[in-house]
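J.: Quick one: sequence plus predicted model below, questions after.
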Amino acid sequence: MDQYSLKLFLSLADNLHYGKTSQQCNISCSALSRQIKRLEDEVGCLLFERDNRIVTLTPAGRRFADFASESLRLWQEVKDELGGGGQNLRGELTLYCSVTACYSILPDVLTKFRKQYPEIHIKLRTGEVAMGITNVQEGIVDIAVAAKPDSIPSNLVFREIKKTPLLFIVPSKDWHYSGVDADEIPWDKVPMILPERELARRRVDLWFREKGIVPNIYAEAEGNEAILAMVNLGCGVGIIPGLVFEKRPFEVNVSPINVKPPLEPYSVGICVQKRRLSSPLIKAFWDIV
């Protein structure tokens, strides 16, 4: 029984869904099932009841969830106490971010951090940006690079790294409305490629609602890179953070357009559990940022 297995168990206990948990924890459904089966074999009883439709915790599973949470909490306290101090800090930090953040935000931060704390190992996990806050809350990762939510959970703290606007982007070539002022574009007819959920989606939904427009949604995508690629193919108009457009990993024939009013910008930074700021490792990263 290891810490990783306990974290997987707690994530599944929270989601009660193998697909969501596997996506959130960057593990395949089959590997997740094997990890849970090993835990159940070790404990000696079923922790979950599952059929083709639902997953539920057994009474033993609820008791084990208390044990897993307390075990991880105590283990973290021990690691924090034994982490040392000053430039001799050593240990491991688990960091979560989107692919975009890997090449746009992290290089400067990690260069400084590695120079000052060469014995701290960074374990990097990438995934959908919307899962960063959740992964920190559930203790799956130590730190997440994320967009600041409209309301920060009381047990978390956020430190801004930079602001980035949210942009409407359009195909640069052969677009029917090229050269047309944004106010004259028939926004109820133009095919839109929108973020599937979370902060960017809420802001663009509010933008349309305040204009009294029901958007013509062509597609919904989880990742900003997918939206950028679909606009590049001429599928419609997309919404992405300016940082994604500036630091795009491939050449595209798309252009930002100015809309009124502009969408509220993103505040991008790092998020950690408030109580974990007492950890010398996390505090070191927090101060570098």
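T.: That came in fine, so what should we check first? Numbering: from 1, shown residues only.

J.: So residue 266 is in contact with residue 146, correct?
T.: No. Using CB atoms under 8 Å, residue 266 is not in contact with residue 146, being 9.6 Å away. Just so you know, the C-beta spots here come from the backbone N, C-alpha and C atoms, and that holds for glycine as well.

J.: who has more neighbours, these two?
T.: Using other CB atoms under 10 Å as the criterion, residue 266 and residue 146 rank with residue 146 on top: 28 against 22.

J.: residues of stretch 201-220 that come out buried?
T.: Buried residues in stretch 201-220, counted by 16 or more other CB atoms under 10 Å: 203-204, 207-208, 215.

J.: can you check stretch 142-160 too?
T.: Residues 142-149, 156-158 are the ones in stretch 142-160 that count as buried (16+ other CB under 10 Å).

J.: Now go through these and say which are in strands.
T.: Under the assignment DSSP state E, the buried residues of stretch 142-160 contribute 143-147, 156-158 to strands.

J.: For residue 102, state which of those residues is nearest.
T.: Of all those, residue 145 has the smallest distance to residue 102: 8.7 Å, by CB to CB.

J.: Can you name the residues bridging to that closest one?
T.: Counting by DSSP bridges, residue 145 forms beta bridges with residue 270.

J.: mind listing what it touches?
T.: Contact analysis of residue 145 by CB atoms under 8 Å, 6 or more residues apart in numbering lists 95-98, 101, 105-106, 132, 161, 268-271.

J.: Now tabulate those in CSV and tack on secondary structure, distance to residue 9 and neighbour count.
T.: Shown next, in CSV, are these (DSSP: H, G, I helix; E, B strand; the rest coil; distance: CB to CB, whole Å; neighbours: other CB atoms under 10 Å):
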residue, secondary structure, distance to residue 9, neighbour count
95, strand, 22, 22
96, strand, 19, 27
97, strand, 24, 23
98, coil, 26, 27
101, helix, 28, 26
105, coil, 31, 22
106, helix, 29, 17
132, helix, 21, 26
161, strand, 33, 16
268, strand, 31, 24
269, strand, 30, 19
270, strand, 26, 25
271, strand, 23, 24
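
J.: Among these, which one sits closest to residue 254?
T.: Residue 254 has its nearest neighbour among the contacts of residue 145 in residue 98, at 18.9 Å by CB to CB.

J.: Verify the stated contact: the closest one with residue 130.
T.: No. Contact between residue 98 and residue 130 fails when scored by CB under 8 Å: they sit 9.1 Å apart.

J.: Between the buried residues of stretch 142-160, which sits nearest residue 173?
T.: residue 147 (30.3 Å).

J.: That closest one against residue 129, yeah?
T.: Yes. Counting by CB under 8 Å, residue 147 does reach residue 129; the two are 6.6 Å apart.

J.: re the thing from before, which one of the contacts of residue 145 is nearest residue 22?
T.: The closest of the contacts of residue 145 to residue 22 turns out to be residue 96 (CB to CB; 15.3 Å).

J.: In a markdown table, list the contacts of residue 145 along with pLDDT and distance to residue 170.
T.: Output for the contacts of residue 145, formatted as a markdown table (pLDDT from 0 to 100; distance: CB to CB, whole Å):
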| residue | pLDDT | distance to residue 170 |
| --- | --- | --- |
| 95 | 93 | 34 |
| 96 | 92 | 31 |
| 97 | 89 | 28 |
| 98 | 85 | 23 |
| 101 | 86 | 25 |
| 105 | 87 | 26 |
| 106 | 89 | 29 |
| 132 | 86 | 28 |
| 161 | 91 | 28 |
| 268 | 92 | 24 |
| 269 | 93 | 29 |
| 270 | 94 | 32 |
| 271 | 95 | 32 |
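
J.: Export the residues you listed as TSV, with columns for distance to residue 65.
T.: Converted to TSV, the contacts of residue 145 look like this (distance: CB to CB, whole Å):
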residue	distance to residue 65
95	26
96	22
97	28
98	29
101	31
105	34
106	33
132	23
161	34
268	33
269	31
270	28
271	24
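
J.: tell me the domain ranges of the chain?
T.: Taking automatic domain parsing as the criterion, the chain consists of the domains 1-82, 88-162+266-289, 166-264.

J.: returning to what we had before: touching both of residue 266 and residue 146, which residues are there?
T.: Between them, residue 266 and residue 146 share no contacting residue, judged by CB under 8 Å, 6+ apart.

J.: what bits of the protein have low per-residue confidence?
T.: Applying pLDDT under 70 to the chain picks out residues 80-88.

J.: let's see it at 50
T.: Filtered on pLDDT under 50, the chain yields no residues whatsoever.

J.: For it, which segments count as helices?
T.: For the chain, the helices defined by DSSP state H occupy 3-15, 18-24, 29-43, 59-81, 99-104, 106-116, 132-137, 198-210, 224-232, 242-246, 280-288.
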